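Visitor: Structural data only, the sequence is not supplied:
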């Protein structure tokens, strides 16, 4: 891609990206079978069309040497998530990571998850390695 900013996936595109990240490269039929579990109303033709559009936007790569074509995410999950998170922090919180985290802690994090986060932060203060002594 020649543009500096990468394309931002829609909610439907993120559904397909999650499938590709979880299962690896897939044909349209394989992606449809995986997506049908959450969206039984979607047709294979719609999945194929969405994959083609995502390829055109640069969100996917396509192996045309195989039949059927095999699609894969163009970016690793953590890279795209980081990029989208930075964009969200900038747009919604004036670039403040602290404001973003505070909003997430208030609205998206359970009490158990808060305890785990506090434990990780405390371990970091003491120089412990993450995961050491961590309870599941």
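Guide: Thanks, I have it. Fair warning: this is a prediction, and the values are worked out from it, not measured in the lab.
Visitor: Show me what the helix or strand where residue 16 lies is packed up against.
Guide: According to DSSP states H and E, residue 16 maps onto helix 11-23. Judged by 3 or more CB pairs under 8 Å, 6 or more residues apart in numbering; DSSP states H and E, the packing partners of helix 11-23 are helix 28-36, helix 44-57, strand 70-73, helix 77-93. Any C-beta I mention is one placed from the backbone N, CA and C, and that applies to glycine too.
Visitor: Check those for me and report the most buried one.
Guide: strand 70-73 (a mean of 20; mean count of other CB atoms under 10 Å).
Visitor: Off-centre distance for that one?
Guide: Taking CA atoms, centre = their mean, to the nearest Å, one finds strand 70-73 lying 15 Å from the centre of the chain it belongs to.
Visitor: Next: stretch 6-17.
Guide: Relative to its chain's centre, stretch 6-17 lies at 8 Å (CA atoms, centre = their mean).
Visitor: re the thing from before, for the record, mean pLDDT for the helix holding residue 16?
Guide: Here helix 11-23 scores 94 as its mean pLDDT.
Visitor: what do you get for stretch 55-63?
Guide: Mean pLDDT, computed over stretch 55-63, is 95.
Visitor: cool, stretch 85-105 as well?
Guide: The model assigns stretch 85-105 a mean pLDDT of 89.
Visitor: burial of residue 11, as a residue count?
Guide: When counting by other CB atoms under 10 Å, one arrives at 6 neighbours for residue 11.
Visitor: Then residue 9?
Guide: For residue 9, the count of nearby residues is 19 (other CB under 10 Å).
Visitor: Skipping adjacent residues, who's closest to residue 114 in space?
Guide: Closest residue to residue 114 apart from its sequence neighbours, by CB to CB, 6 or more residues apart in numbering: residue 105 at 6.7 Å.
Visitor: swap that for residue 87, sorry
Guide: residue 8 (7.2 Å).
Visitor: ok, that neighbour - how many residues close by?
Guide: Residue 8 is flanked by 13 other residues according to other CB under 10 Å.
Visitor: Surely it is in contact with residue 88?
Guide: No. Taking contacts as CB atoms under 8 Å, residue 8 lies outside contact range of residue 88: 10.2 Å.
Visitor: No more questions from me, cheers.
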